[in-house]
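# I'll drop the sequence and a predicted model, then ask my questions.
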Amino acid sequence: MSMSEKLEGTIEESSQFCSKCGAAIKKDAEVRPAAADAPRCDACGQPLAAPLDSGNFPTNAENVPPRGSGRNPLALVVVAFVAAAMLYFGFHMARRSDANPGFSITKSGVAPDFTLETLDGQSMSLSGLRGKAVLLNFWATWCGPCKIETPWLVELQKQYGSQGLQVIGVAMDDSGKEDIAKFAQEMGVNYPVLLGKEAVGEEYGGVPALPESFFIGRDGKIVDRIIGLRGRADIEEAIRKALNTKPASTQAGSPASALQAQK
């Protein structure tokens, strides 16, 4: 028995429904694959012919697949993953940014002072740099964008150091001093690197993302802030803004030295 004969026998054994509109088809209607004169549905005019290799002749309207039901499962998975990632990142950013809700560039004015240890065992205070424009960069050895940004900071320190710029790197990770020093050496860092503390990060708003840079004028006030990786031109523009500030008048003598021997 041929394939078409088997299909015709199957159709005759059970009621048929149009694959387009689901209307009942008379049992005596002949279904022939891809024939030019194939009969059509009385309700919608849909040809009743079906591909021989489909193996799927619906026997009731419930089995007729709805239009547009075919979706790519992989696309649905990707969309769900992206949505979950955005929700997580948004929640994480909101939680970190709320760590110090009182922090604001416009309200605080003067950058919070701190004293941290340098890689060579000395201590360094931000207040000891009054009179200079400071680029305070929070970073970490595991931070991919930081690896892109660090060479820019090295070049900018060379370019603007003679004009009064001082780049300061604050390492905000759990790596040991040796690992941080090795990273700084490999990157050719030409500015002081300090061992960061969580408390210092909290003073600067929780440092919601790395890298994060604060641009401090000669008067000790924050003039700009960049969160995450931005272009070198943006960093350079903020540096010029800090350099164009004037030192604040001192009321209690000259500023202390930036580097002090650790006792």
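Cool, the structure landed. Residues are numbered from 1 along each chain as shown.
# for the stretch 51-200 of the chain, what spans make up the strands?
Along the stretch 51-200 of the chain, counting by DSSP state E, counting those that start in this stretch, strands occupy 115-117, 123-125, 133-139, 165-171, 193-195.
# for the first one, packing partners?
In terms of contact count using 3 or more CB pairs under 8 Å, 6 or more residues apart in numbering; DSSP states H and E, strand 115-117 is assigned the packing partners strand 123-125, strand 193-195. All C-beta spots, glycine's among them, are computed from the backbone N, C-alpha and C.
# to Pro73, which of those lies closest?
strand 193-195 (48.4 Å; CB to CB).
# show the average pLDDT along the closest one.
For strand 193-195, mean pLDDT is 97.
# which residues touch that strand?
116-119, 124, 168-171, 177, 180-181, 184 (CB atoms under 8 Å, 6 or more residues apart in numbering).
# nearest to Arg230, of the residues you listed?
Gly169 (16.6 Å).
# surely that closest one meets Phe183?
No: if you go by CB atoms under 8 Å, Gly169 and Phe183 don't touch, sitting 10.1 Å apart.
# give me the more crowded residue out of those two.
Each of Gly169 and Phe183 has its neighbours counted (other CB atoms under 10 Å); Gly169 has more, 25 against 21.
# how much space between the more buried one and Pro211?
With distances taken as CB to CB, to the nearest Å, Gly169 is found 9 Å from Pro211.
# again, but for Val82
Applying CB to CB to Val82 and Pro211 gives a distance of 24 Å.
# so for stretch 163-179, what's the average pLDDT?
Stretch 163-179 comes out with an average pLDDT of 93.
# ok so, going back, so what sits against both of Gly169 and Pro211?
Asn137, Trp139.
# okay, now Glu186: neighbour count?
10.
# same question, the one 10 residues further on
When neighbours are defined as other CB under 10 Å, Gly196 has 21 of them.
# what do you get for Lys246?
Neighbours of Lys246 (other CB under 10 Å): 9.
# so it touches Asp219, yeah?
Yes: counting by CB under 8 Å, Lys246 does reach Asp219; the two are 6.5 Å apart.
# distance of the closest residue to Trp139 other than its chain neighbours relative to Arg240?
Sequence neighbours aside, Cys146 is the residue nearest to Trp139 in space, at 4.1 Å (criterion: CB to CB, 6 or more residues apart in numbering). Separation of Cys146 from Arg240 (CB to CB) stands at 22 Å.
# which residue of those two possesses the greater neighbour count?
Legend: neighbour count by other CB under 10 Å for Cys146 and Arg240, higher for Cys146 (24 against 14).
# wait, isn't the more buried one in contact with Glu212?
No: using CB under 8 Å, Cys146 is not in contact with Glu212; the gap is 9.9 Å.
# quick check: which of the helices and strands packed on strand 115-117 is buried the most?
strand 193-195 (a mean of 22; mean count of other CB atoms under 10 Å).
# separation between the closest residue to Ile168 other than its chain neighbours and Arg40?
Of all residues not flanking Ile168 in the chain, Leu136 sits nearest, at 5.2 Å (CB to CB, 6+ apart). Leu136 sits 77 Å away from Arg40, going by CB to CB.
# quick one, which of the two is more surrounded?
Between Leu136 and Arg40, counted using other CB under 10 Å, Leu136 has the larger neighbour count: 23 against 15.
# my guess is the more buried one contacts Val207, does it?
No: using CB under 8 Å, Leu136 is not in contact with Val207, being 10.7 Å away.
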